[in-house]
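Trainee: Dropping a prediction and its sequence here:
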Amino acid sequence: MLNEVSACYLEMTHTISQVQNVIIIYFNQEHKLHINKLCNKYGCNMQQIIMIKVKTNDTWVRDFGPQLLLDEKEYQYLDLEFNAWGEQYVYHLDNLFSEALFKAAASRQCLYRRTPLIIEGGNLEFDSSATLLTNIACIKRNMKKENINNNELIDSIKYELSVKRVLTVDVPPLSGDDTGGHIDTLARFIDDDSIIYAACHDSDNPNYSCLLLLLAQLRTLTTKQGNPYRLIPLPLPKKLIKLDKDKFAPASYVNFVLINRGILIPMYDDEHDQLALDIFTSAYPDRKIIGINAIPLLKQSGSLHCATLHVPENVINSRIQ
């Protein structure tokens, strides 16, 4: 599905390049020329595009890319271990990606640090006051060979990710989700007091029980001030999209992407698409809400957030080409 997937990336690149830099990873010179040709033809803002040569196995950079943590003086460039969601796929290049990107293009403002934690970026959701929300079921899957209890695991996460609080849910994945249930398909912070979450009211939907469990657990979480979170339901797409005769795609509008002054919302050619746009317009009144056709990515078992990774300004050297 390369042509269809490329069209999705081009739509994202065109949209994001109007307001900020877009970093695109390429494999070799031929690949770079091909990408440049496509972006020019699509009308992307080429002045905002940075091309960096790093080889990868897969496209889901959210999961194997670096996490950037800001201390008082500089960014910690955190390189997490990656094992392709429990060694389901080939991953040797993806596990080396963060280090390779750092060597190729990171600015001197970054302090590189490798951590032994195996946590994918799609399972890390931060607020602005050093609180992390995660589905601990995914993390325990990666550490199944280690004898570690939840409290020890949470203490380790706090230390390695420099967070003050770790909030966890423990729920199974959406149908067809081979990540094991990343939080970026289930629940995300709108602000420090609000969480938007995937909801399902159709008892015939295979995700009904999972999302009832999710809601029950979200209701037990409290803010930094000790108050219950304001919970905003975001219905799943109404129709199920099949990957094959026995497997459905893990379609979720929760897999959105924050950009400067805007938000990219995955669209699935579904009657709930407009409902999702309306909910985000209400939740983010100061941002432009932009729908992006995510069906090609969904058929590869991912969506917009999985396929992108944000990095702070000036962390990547924009003169690298």
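Mentor: That came through fine.

Trainee: Which residue is the nearest non-sequential neighbour of Pro233?
Mentor: Ala199 (3.7 Å; Cβ to Cβ, 6 or more residues apart in numbering). Quick note: C-beta positions are derived from backbone N, CA and C, even for glycine.

Trainee: typo on my end, Tyr197
Mentor: Nearest one to Tyr197, counting by Cβ to Cβ, 6+ apart, is Ala187 at 4.1 Å.

Trainee: and the gap between the one you found and Ile136?
Mentor: Relative to Ile136, Ala187 is positioned 13 Å away (Cβ to Cβ, to the nearest Å).

Trainee: more crowded one of those two?
Mentor: Ala187 (29 against 20; other Cβ atoms under 10 Å).

Trainee: OK, contacts around the more buried one?
Mentor: Going by Cβ atoms under 8 Å, 6 or more residues apart in numbering, Ala187 touches Glu125, Leu133, Val169, Ile195, Ile196, Tyr197, Ala198, Leu214, Leu218, Val254.

Trainee: Which helix or strand lies directly C-terminal to the helix or strand of the chain with the lowest mean pLDDT?
Mentor: Across the helices and strands of the chain, mean pLDDT, DSSP states H and E gives its lowest value to strand 242-244, namely a mean of 81. Next in sequence after strand 242-244, counting helices and strands by DSSP states H and E, comes strand 247-248.

Trainee: Please work out the average pLDDT along that following strand.
Mentor: What strand 247-248 shows for mean pLDDT is 86.

Trainee: just to revisit the earlier point, just the closest of the contacts of Ala187 to Asn147, please.
Mentor: Val169 (22.7 Å; Cβ to Cβ).

Trainee: In terms of pLDDT, where does the closest one sit?
Mentor: Turning to Val169, the model gives it a pLDDT of 97.

Trainee: What of Asn205?
Mentor: Here, the pLDDT recorded for Asn205 equals 94.

Trainee: which SS class is it?
Mentor: coil (DSSP: H, G, I helix; E, B strand; the rest coil).

Trainee: Please look at it and Pro235 and confirm they touch.
Mentor: No: between Asn205 and Pro235 there is no contact under Cβ atoms under 8 Å: 10.2 Å.

Trainee: partners of the least confident helix or strand of the chain, with directions?
Mentor: Strand pairing for strand 242-244, determined by DSSP bridges: strand 247-248 (antiparallel).

Trainee: Name the residues that touch the strand it pairs with?
Mentor: Contacts for strand 247-248 (Cβ under 8 Å, 6+ apart): Ser175, Gly176, Pro206, Leu240, Ile241, Lys242.

Trainee: which ones are touching the fifth one?
Mentor: It stands for Ile241. Here Ile241 is in contact with Phe248, Ala249, Ala251, Tyr268, Ile295, Leu298, Lys299 (Cβ under 8 Å, 6+ apart).

Trainee: And the second one, by the same measure?
Mentor: Under the criterion of Cβ under 8 Å, 6+ apart, the contact partners of Gly176 comprise Leu243, Lys247, Phe248, Ala249, Pro250, Ser301.

Trainee: distance of the second one from Gly43?
Mentor: Using Cβ to Cβ, one obtains 36 Å as the distance from Lys247 to Gly43.

Trainee: cool, and the third one?
Mentor: Using Cβ to Cβ, we find Phe248 at a distance of 35 Å from Gly43.

Trainee: hey, where'd the strands end up in the stretch 101-250 of the chain?
Mentor: Per DSSP state E, counting those that start in this stretch, the stretch 101-250 of the chain carries strands over the ranges 110-118, 125-126, 131-135, 165-169, 187-191, 194-199, 230-235, 242-244, 247-248.

Trainee: Check the closest residue to Ile157 other than its chain neighbours and give its pLDDT.
Mentor: Distances taken as Cβ to Cβ, 6+ apart put Val166 closest to Ile157, at 5.3 Å, once the chain neighbours are dropped. Looking at Val166, its pLDDT reads 97.

Trainee: Give the bridge partners for Val166, please.
Mentor: Beta-bridge partners recorded for Val166 (DSSP bridges): Leu132.

Trainee: sorry, back to before: of all the contacts of strand 247-248, which comes closest to Met1?
Mentor: For those, the nearest to Met1 is Ile241 (13.4 Å; Cβ to Cβ).

Trainee: Kindly provide the distance from the closest one to Ile25.
Mentor: 27 Å.

Trainee: same thing with Leu240?
Mentor: Distance from Leu240 to Ile25, by Cβ to Cβ: 32 Å.

Trainee: repeat for Ile157
Mentor: 27 Å.

Trainee: Tyr75 now?
Mentor: 20 Å.

Trainee: if we can go back for a sec, tabulate the contacts of Ala187 (JSON lines), appending neighbour count.
Mentor: Formatted as JSON lines, these follow (neighbours: other Cβ atoms under 10 Å):
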{"residue": "Glu125", "neighbour count": "22"}
{"residue": "Leu133", "neighbour count": "23"}
{"residue": "Val169", "neighbour count": "22"}
{"residue": "Ile195", "neighbour count": "21"}
{"residue": "Ile196", "neighbour count": "21"}
{"residue": "Tyr197", "neighbour count": "20"}
{"residue": "Ala198", "neighbour count": "24"}
{"residue": "Leu214", "neighbour count": "25"}
{"residue": "Leu218", "neighbour count": "19"}
{"residue": "Val254", "neighbour count": "24"}
